[in-house]
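**Q** Need a 3D model of the sequence below.
(one chain, ligands or ions: 1)
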Amino acid sequence: MTRRAERSILLVVCGGIAAYKALELIRGLREHGIRVRPVITEAGSRFVTPLSLQALSGERVFSDLFSLTDESEMGHIALSRSSDLIVVCPATADILARMAAGLADDLATTVLLATDTPVLVAPAMNVRMWEHPATQANIATLKARGVEFIGPEVGRMACNETGPGRMAEPETILAAIVNRLDGEPPLTGRTALVTAGPTHEPVDPVRYLANRSSGVQGYAIASALAAAGAEVTLVSGPTTLPDPPGVRTVRVETAREMQAACTAALPCDIAVCAAAVADWHVIPAPQKIKKTTPDAVPTLKLVPNPDILATLSQPSPMRPRLVVGFAAETEHVAEHAGAKRLRKGCDWIVANDVSPATGIMGGTENEIMLIDATGCEHWPRMDKTQVARRLVARIAIFLHTPQPDSEIA
Ligand code: C5P
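**A** Residues are numbered from 1 along each chain as shown. Okay, the predicted model is just below:
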């Protein structure tokens, strides 16, 4: 992964008594040569002043979503992507709830919703607020989306109660940030296989059967896996896309060639089958089929192709630890894709509606449902590169979480 010359974070300061610790954190970050751009919420500014944040960070403090100067100098979208990491400190029960709900009613939440930069939160709240089922549900939602938590610690709080809820100390947060910025990418040492694009099944030396897949989503996944440190083999059907940098790309034409290239890439830790593989091939005519009379229409005999995803998913010592399939559907998406997951034996299915009206097939955006053994999660419509990054973040979490042996025996 390329590291920027100057590492920088966006520090979102919310309204809690622990906000004063954010000042100490800024000092520590600056000592480590890390640039800090502060964003402060309305409530945050009741606890620390923007002037203090500005003086310590040496940067302009962002607070107002609707400020015209903010928009002319740096809009909230640019701001959300301007750093290597976004840190929410202190993260109140309120901001966690608003993040989990996907609200965007102030600058902080808008930036957090618009970003595809990793997010680290340092919660700070009363013990009962921390333990409340609503907060715990929000935390589970955010963790499942890849948000990293540092703390809280157990101890005596400003409200005189004792228990979990006290914000981690600034040096602990600092260490987590430095580790995150300087540490190894999460899929270092892992190997991944990605299939992408259509397949072309020759009919004769000049004609073939194909489909409309562009390969964009699969290529983006291969790139995101490589950016996360994995060693990636991309087995691609015919596309107009260039080989993604840092990825070993194997170009194939037919489903059977794709199958052979996938088998050759085993063993691997992760397999993502994003290719739109033709279900059938024809035994190609050795010479171009000639048009003789208008009535003499040739009949093509279709022969089933191997199912690469189902083959990779079969229990075997060579089975990747995580096999992800795609399901392009035009109706009853969740239902059909869920059934496909079971039929193919893969762990996850990324399902999408490819009805022409969605503009997804061949487009730059995607709107998916991620289906695993526990259920179905709908992701909002976003750029295919963002889908890829988010999927890869989920893959990294999965691989870092011990799994019961039974599922993939
Ligand atoms: O069966 P269907 O084509 O709808 O399944 C889609 C999923 O199966 C995709 O992940 C696709 O890459 C994979 N597939 C495959 N080999 C096939 C057909 C589909 O790997 N022959």
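**Q** Helix, strand or coil: sort out residue 66 for me.
**A** coil (DSSP: H, G, I helix; E, B strand; the rest coil).
**Q** For the ligand, see how far away residue 54 is.
**A** 51 Å (Cβ to the nearest ligand atom, to the nearest Å). Bear in mind the C-beta positions are built from the backbone N, C-alpha and C, glycine included.
**Q** number of nearby residues for the nearest residue to that residue once chain neighbours are set aside?
**A** Computed as Cβ to Cβ, 6 or more residues apart in numbering, the closest residue to residue 54 that is not its neighbour in sequence is residue 61, at 4.9 Å. Residue 61 has 19 neighbouring residues, counting by other Cβ atoms under 10 Å.
**Q** pretty sure residue 60 contacts residue 53?
**A** No: between residue 60 and residue 53 there is no contact under Cβ atoms under 8 Å: 9.7 Å.
**Q** Compare those two (neighbour count), which wins?
**A** Taking neighbours as other Cβ under 10 Å, residue 60 and residue 53 compare with residue 53 leading, 27 against 15.
**Q** Check the secondary structure at residue 120 for me.
**A** The three-state label given to residue 120 by three-state DSSP is strand.
**Q** was I right about the residue nearest to residue 54 contacting residue 38?
**A** Yes: counting by Cβ under 8 Å, residue 61 touches residue 38, with 4.8 Å between them.
**Q** contacting residues for residue 198?
**A** 210-213, 215, 237-239, 275-276, 278 (Cβ atoms under 8 Å, 6 or more residues apart in numbering).
**Q** Of these, which fall within the contact range of the ligand?
**A** With Cβ under 6 Å from any ligand atom as the criterion, those include residue 275 near the ligand.
**Q** Please indicate which of the contacts of residue 198 are buried?
**A** Among the contacts of residue 198, those classed as buried by 16 or more other Cβ atoms under 10 Å are 210-211, 213, 215, 237-239, 275-276, 278.
**Q** residues contacting residue 19?
**A** By Cβ under 8 Å, 6+ apart, the neighbours of residue 19 are 13, 44, 47-48, 90.
**Q** Residues of the stretch 251-400 of the chain that sit close to the ligand?
**A** 255, 273, 275, 277, 279, 305, 307-309, 325-327, 340.
**Q** could you dump those residues to CSV with pLDDT and secondary structure?
**A** Formatted as CSV, those follow (pLDDT from 0 to 100; DSSP: H, G, I helix; E, B strand; the rest coil):
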residue, pLDDT, secondary structure
255, 98, helix
273, 98, strand
275, 98, coil
277, 98, coil
279, 96, coil
305, 98, coil
307, 98, coil
308, 98, helix
309, 98, helix
325, 98, strand
326, 97, strand
327, 96, strand
340, 97, helix
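**Q** Which helix or strand contains residue 281?
**A** If you go by DSSP states H and E, residue 281 is part of strand 280-282.
**Q** Can you give the distance from the helix or strand that that strand is followed by to the centre of its chain?
**A** Helices and strands here follow DSSP H and E; after strand 280-282, the next one along the chain is strand 302-304. How far strand 302-304 lies from its chain's middle: 36 Å, per Cα atoms, centre = their mean, to the nearest Å.
**Q** Which other helices and strands does strand 302-304 contact?
**A** Here strand 302-304 touches strand 280-282, going by 3 or more Cβ pairs under 8 Å, 6 or more residues apart in numbering; DSSP states H and E.
**Q** Can you name the residues in contact with the strand it packs on?
**A** So strand 280-282 is contacted by 201-203, 209, 254-256, 300-305 (Cβ under 8 Å, 6+ apart).
**Q** Are any of these buried, and if so which?
**A** 201-203, 209, 254-256, 300, 305.
**Q** What distance do you get for residue 147 to residue 124?
**A** Using Cβ to Cβ, to the nearest Å, residue 147 is found at 15 Å from residue 124.
**Q** the more surrounded of these two?
**A** Neighbour comparison, residue 147 and residue 124: the larger count goes to residue 124, with 28 against 21 (by other Cβ under 10 Å).
**Q** hang on, that one packs against residue 16?
**A** Yes: between residue 124 and residue 16 a contact is recorded at 4.8 Å, counting by Cβ under 8 Å.
**Q** if I look at the two, which residues touch both of them?
**A** 90, 92, 167.
**Q** Look at residue 179 and say how many residues are nearby.
**A** 11.
**Q** which residues does it contact?
**A** Taking Cβ under 8 Å, 6+ apart as the test, residue 179 contacts no residue whatsoever.
**Q** and it, what helix or strand is that in?
**A** helix 170-182.
**Q** buried sites along that helix?
**A** 170, 173-174, 176-177, 180-181.
**Q** For stretch 28-40, give the mean pLDDT please.
**A** Throughout stretch 28-40, pLDDT has a mean value of 93.
**Q** picking up where we left off before, closest to the ligand among the contacts of residue 19?
**A** residue 90 (42.5 Å; Cβ to the nearest ligand atom).
**Q** what's the longest helix in the protein?
**A** helix 384-400 (DSSP state H).
**Q** Output the buried ones among the contacts of strand 280-282 in JSON lines, with distance to residue 294 appended to each entry.
**A** Output for the buried ones among the contacts of strand 280-282, formatted as JSON lines (distance: Cβ to Cβ, whole Å):
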{"residue": "201", "distance to residue 294": "26"}
{"residue": "202", "distance to residue 294": "24"}
{"residue": "203", "distance to residue 294": "19"}
{"residue": "209", "distance to residue 294": "22"}
{"residue": "254", "distance to residue 294": "31"}
{"residue": "255", "distance to residue 294": "32"}
{"residue": "256", "distance to residue 294": "34"}
{"residue": "300", "distance to residue 294": "18"}
{"residue": "305", "distance to residue 294": "31"}
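**Q** Pick out the most distant pair among those.
**A** Spanning the widest gap among the buried ones among the contacts of strand 280-282 are 256 and 300, at 16.8 Å by Cβ to Cβ.
**Q** contact partners of stretch 36-52?
**A** 8-17, 19-20, 22-23, 26, 29-30, 53-54, 57, 59-63, 79, 82-83, 92, 94-95, 106-108, 111.
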